[in-house]
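Trainee: Would you be able to build a 3D model of this:
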Amino acid sequence: MRRQESAEGSVAVRAWGGEDVKTGGVVRMRRHLNVSTMAALQLLFLPLVGCMAASAHPPGRLPPCQVVQMDVFCSNLRLRGVPVNLPRGVQTLDLSLNQVQNLSRETLGFHTGFHRLNLHANKIHFIQPGLFKDMPDLKVLDLSRNHLNVFAVSKVNVGPLSALKSLDLSGNGFYTGMSDYFLADSPSLESVSLSDNSITKVTQDTFKGSLSLKKISLHNNVILEIEDGAFDSLQNLTELDLSKNSITCIKDFNLHSLEVLNLSKNSLEDFQSTTAKLDFKLVSLDLSENKLLYFPLLPKNNVLEHLDISRNHIQTVTESSEKTYLVFEKLRYLDMSYNNLKDVPEDFFKCMGSLEVLNVSHNCISSFSITEGHVLQKVKVINLSYNSLQTLRLKKDALLYLRKLYLQGNDLKQLDQQIFQSLPNIRHLQLQENNLRVCSSEENQQDPPGCVFFHSIASLRFLNISENNLRTLPSKAFENTPLRSLDLSLNPGLDMQKGSLYGLEDSLAHLLLKESNVSSLNTELSSLRSLRHVDLSTNQLDSLPLLNKESPIESLNLQNNNLVTLDQNTMVDLERSLKTLYMGSNPLSCCENLGVLHIVRHSTVTVPDIEMVTCSHQDHSEPVNIGMVTQEMCSGPDVPNYTTVVVVTVVTLILLLGLLVKCCHLRRQKHSRSFSA
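Mentor: Here you go, the predicted structure:
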């Protein structure tokens with residue numbers, strides 16, 4: 001029984017245990033199913049997440065290009081081709097400054113609707129033949145700064161470029177003939193740049209496939225030769241840039257339709273136009289920086305407005321031994337500076353009725369005269385600076401429109417006293433580096449010989465008479481001349497008489513007196529109510545000029561003087577308007593300028609040369625930068641308070657006196673009592 005029971009019990013136990021085992025297996029199976037399910041779900045979920053991520057961030061996502069309507073700008077992004085997924089119908093694409101090497105349909109993403117395509121500064125050395133054939137709307141193409149000379153070796157035409165208007169092929173290392181493969185089939189092309197290449201010759205075939213050209217740039221090549229007729233077939237050509245080449249001669253110039261011609265920076269020794277009686281349309285001609293020995297032989301029937309023949313070796317303005325001059329009825333600007341001209345006759349200007357700007361600076365001219373009223377009637381600017389002028393004659397009211405006259409760097413000593421008063425509209429006078437003297441407006445004052453009047457010139461605003469060896473500036477020198485700027489610098493030992501700036505109280509804004517060895521100013525700057533900028537640097541001043549609270553000075557230069565102390569009251573007055581102060585290279589005292597230092601540190605005044613501003617201190621053998629000075633450095637040893645001592649002494653004396661009076665009074669009372677007893 002027991003065994004059975006036990007057996008049954010054991011069976012029961014086994015049975016329970018079996019159920020338990022089965023239950024555990026079910027649990028394990030469930031766990032296994034859960035794990036499998038989770039794994040399956042993960043396998044399903046991850047691709048789903050990937051798909052969602054892919055849909056959110058497509059693999060061919062555009063780099064950070066800028067898209068503005070139908071224009072895409074992808075400059076300097078290290079791209080080797082067009083980003084995928086460009087919007088359809090792109091009209092402008094900027095791929096400049098990238099890494100494109102092969103230009104093909106695939107590189108451009110098979111887009112064909114471009115109007116403008118910029119591939120500047122890539123590494124393109126191959127172009128797929130016929131690439132641009134399917135781009136009927138392409139108007140502007142920039143292929144500059146690539147390696148297209150490598151492609152040109154294959155001698156394959158890039159065209160047709162049927163609609164192209166503008167093409168830039170500059171900086172591609174082209175030699176003579178290489179550009180032909182890009183221009184051979186460009187019937188609508190109007191502008192082409194071949195600058196910064198190595199072209200040595202312009203042939204008759206160079207532009208034969210681009211007969212609509214209006215503008216050509218061949219700047220900065222090594223052109224030595226231009227074949228006859230190289231530009232003759234270009235009937236619409238109006239602008240030609242041949243600057244910075246090696247051209248030595250131009251003979252029989254016959255491009256009568258050309259309007260702008262730049263031949264500067266060549267090696268031209270001669271320029272001659274055809275003698276045929278053609279009406280030339282040339283408006284601007286630049287022959288500067290060449291080796292011309294004579295005035296160029298220009299078309300007789302010309303409409304020139306701008307002529308630059310500066311920086312040559314021209315010695316005469318005549319075209320031949322006979323003194324005959326061309327007619328320049330339209331000429332407005334003439335630059336003959338930096339030549340070897342010794343004389344420019346007045347007759348030379350007779351046929352220049354429209355001239356507005358004349359520059360003959362940096363020549364060897366010793367005499368210049370305008371004595372007839374109909375010569376240079378419209379001129380506004382005359383530059384005669386840096387010549388050898390000793391004689392200058394200007395007829396009264398002859399130069400009615402002259403506004404600027406540059407005469408600096410000559411040897412002018414004696415002029416007609418009223419020469420500048422005869423210019424009714426003069427505004428700028430540059431007279432530095434001469435030897436002129438200034439007359440006074442006062443009739444009873446003795447003027448130096450050869451002096452010039454600067455008073456009563458109602459139009460004059462800017463006057464520079466620096467470096468003229470001026471010794472004296474008389475009183476009322478500028479009366480009735482409302483100058484805004486006056487430069488008196490570099491006149492060592494200049495004596496400014498009292499009232500020398502009389503009449504400039506309401507007009508003068510800029511006063512320059514640097515390097516004139518001035519030790520004191522006799523004239524009061526406080527009266528100049530419009531003064532804004534003052535330069536008194538490199539003089540011998542030991543005190544600030546007299547100013548007042550109403551002074552509007554914004555900039556003050558006191559560098560290189562003998563200033564030990566800057567008057568604090570004057571500085572406080574200036575603080576209201578002053579913005580910039582220069583005060584370096586002065587023997588300043590550290591402890592006598594603490595108030596000024598406080599103003600500089602705590603106001604809006606800027607001291608640009610603060611690193612150079614030093615001062616002397618008794619405890620330092622070397623000058624101290626003023627920025628390092630503190631209040632403690634200038635606090636001396638303790639001294640007795642004399643006021644307190646005096647007060648205490650007085651009080652003590654009063655007390656003593658009071659005691660004496662009281663004692664005397666008591667003695668009298670005692671004496672009177674004893675007598676009565």
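Trainee: ok, now which ones touch the spatially most central residue of the chain?
Mentor: Closest to where the C-alpha atoms of the chain average out (Cα atoms, centre = their mean) is P608, at 20.4 Å. By Cβ atoms under 8 Å, 6 or more residues apart in numbering, the contact list for P608 reads T580, Y582. For glycine as for every other residue, the C-beta is placed from the backbone atoms N, C-alpha and C.
Trainee: Test my guess that T176 contacts K201.
Mentor: Yes - assessed by Cβ atoms under 8 Å, T176 is found in contact with K201 at 4.7 Å.
Trainee: Which one's more surrounded, those two?
Mentor: Using other Cβ atoms under 10 Å as the criterion, T176 and K201 rank with T176 on top: 19 against 16.
Trainee: what about that one, distance to N539?
Mentor: Counting by Cβ to Cβ, to the nearest Å, the separation of T176 from N539 is 63 Å.
Trainee: Please apply the same query to V67.
Mentor: 63 Å.
Trainee: Which one of the two is surrounded by more residues?
Mentor: Shown here are V67 and N539; by other Cβ under 10 Å, N539 has more neighbours (25 against 13).
Trainee: Can you give me the end-to-end span of stretch 440-450?
Mentor: 12 Å (Cα to Cα, to the nearest Å).
Trainee: my bad, should have said stretch 379-391
Mentor: From start residue to end residue, stretch 379-391 stretches across 20 Å - Cα to Cα.
Trainee: Run through the stretch 1-150 of the chain and note the low-pLDDT ranges.
Mentor: 1-63 (pLDDT under 70).
Trainee: wait, I meant the chain
Mentor: 1-63, 319-324, 548, 636-648, 650, 661, 663-677.
Trainee: mind listing the helices for it?
Mentor: 2-56, 148-152, 180-183, 568-575, 594-602, 642-676 (DSSP state H).
Trainee: Who is R393 paired with across the strands?
Mentor: Applying DSSP bridges to R393 gives these bridge partners: S369.
Trainee: what does V452 give?
Mentor: V438.
Trainee: Burial check on it, number of neighbours?
Mentor: So V452, with other Cβ under 10 Å, has 20 neighbours.
Trainee: Repeat that for N464.
Mentor: 21.
Trainee: so it makes contact with D487?
Mentor: Yes - with contacts counted by Cβ under 8 Å, N464 reaches D487, the gap being 4.2 Å.
Trainee: Find residues that contact each of the two.
Mentor: By Cβ under 8 Å, 6+ apart, N464 and D487 have these common neighbours: Q432.
Trainee: Following the record's annotation, map out the domains of the chain.
Mentor: Following automatic domain parsing, one finds the domains of the chain at 61-236, 560-634.
Trainee: now do the same end-to-end measure for the last one.
Mentor: Its first and final residues considered, domain 560-634 spans 25 Å by Cα to Cα.
Trainee: for stretch 280-295, same thing?
Mentor: Stretch 280-295 has its terminal residues 18 Å apart, counting by Cα to Cα.
Trainee: can you check stretch 558-566 too?
Mentor: 10 Å.
Trainee: neighbouring contacts of that stretch?
Mentor: Contacts with stretch 558-566, where a contact means Cβ under 8 Å, 6+ apart, come from 536-544, 581-589, 592-593, 596, 609.
Trainee: Buried among those residues? Make that a ChimeraX selection.
Mentor: This is how ChimeraX selects the buried members of the contacts of stretch 558-566, with burial counted by 16 or more other Cβ atoms under 10 Å:
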select :536,537,538,539,541,543,544,581,582,583,584,585,586,588,589,593,596
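Trainee: Which members of the contacts of stretch 558-566 occur in strands, if any?
Mentor: L581, Y582, L588, S589 (DSSP state E).
Trainee: Which two of those residues have the greatest separation?
Mentor: Y582 and S589 (18.5 Å; Cβ to Cβ).
Trainee: what about H533, neighbour count?
Mentor: Other residues close to H533 by other Cβ under 10 Å number 16.
Trainee: Check L407 too.
Mentor: There are 26 residues near L407, going by other Cβ under 10 Å.
Trainee: for it, phi and psi?
Mentor: Torsion angles at L407 (phi, psi; degrees, to the nearest 10) stand at phi -130, psi 10.
Trainee: doesn't L392 make contact with it?
Mentor: Yes - the pair L407 and L392 passes the contact test of Cβ under 8 Å, sitting 7.2 Å apart.
Trainee: shared neighbours of those two, anything?
Mentor: By Cβ under 8 Å, 6+ apart, the residues touching both L407 and L392 are L384.
Trainee: can you give me the strands in the stretch 301-450 of the chain?
Mentor: 306-308, 333-335, 357-359, 367-370, 381-383, 391-394, 404-406, 428-430, 437-438 (DSSP state E, counting those that start in this stretch).
Trainee: Which one of these lies nearest to I216?
Mentor: strand 306-308 (19.0 Å).
Trainee: contact partners of that closest one?
Mentor: 264, 283-288, 298, 328, 331-335.
Trainee: Kindly check the end-to-end length of stretch 488-495 for me.
Mentor: So stretch 488-495: terminal residues 11 Å apart, Cα to Cα.
Trainee: now stretch 575-590
Mentor: Stretch 575-590: ends 20 Å apart by Cα to Cα.
Trainee: Figure out how far it is from the centre of its chain.
Mentor: 28 Å (Cα atoms, centre = their mean, to the nearest Å).
Trainee: Can you give me every residue that contacts the closest residue to E524 other than its chain neighbours?
Mentor: Nearest non-adjacent residue to E524, counting by Cβ to Cβ, 6 or more residues apart in numbering: L546, 5.3 Å away. L546 is in contact with L521, E524, L525, S526, T570, counting by Cβ under 8 Å, 6+ apart.
Trainee: Please report the distance of L546 from D573.
Mentor: 10 Å.
Trainee: Check L594 too.
Mentor: 18 Å.
Trainee: How about Y401?
Mentor: From Y401 to D573 the distance is 44 Å (Cβ to Cβ).
Trainee: Who has more neighbours out of these two?
Mentor: D573 (18 against 15).
Trainee: And the more buried one, how far from L508?
Mentor: D573 is 19 Å from L508, by Cβ to Cβ.
Trainee: what's the answer for L108, then?
Mentor: The value you get for L108 to L508, if Cβ to Cβ is used, is 65 Å.
Trainee: Ok, Q390 next?
Mentor: 31 Å.
Trainee: Compare those two and say which is more crowded by neighbours.
Mentor: Between Q390 and L508, counted using other Cβ under 10 Å, L508 has the larger neighbour count: 24 against 14.
Trainee: what's near enough to touch that one?
Mentor: L483, R484, S485, L486, L501, L528, S530, L531.
Trainee: S104 touches Q128, doesn't it?
Mentor: Yes - under the criterion of Cβ under 8 Å, S104 makes contact with Q128 at 4.0 Å.
Trainee: what's the spacing between the closest residue in space to C439 that isn't next to it in sequence and K498?
Mentor: Spatially, and ignoring its direct neighbours in sequence, C439 is nearest to C451 (4.0 Å; Cβ to Cβ, 6+ apart). From C451 over to K498 the distance is 19 Å, taken as Cβ to Cβ.
Trainee: rewinding a little: you'd agree the residue nearest to C439 is up against S441?
Mentor: No - with contacts counted by Cβ under 8 Å, C451 stays clear of S441, the gap being 11.5 Å.
Trainee: before we move on, back to that, please produce a ChimeraX select command covering the buried subset of the contacts of L546.
Mentor: In ChimeraX, this line selects whichever of these come out buried by 16+ other Cβ under 10 Å:
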select :521,525,526,570
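Trainee: possible to save the contacts of L546 as CSV with distance to K133?
Mentor: Output for the contacts of L546, formatted as CSV (distance: Cβ to Cβ, whole Å):
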residue, distance to K133
L521, 80
E524, 82
L525, 77
S526, 80
T570, 81
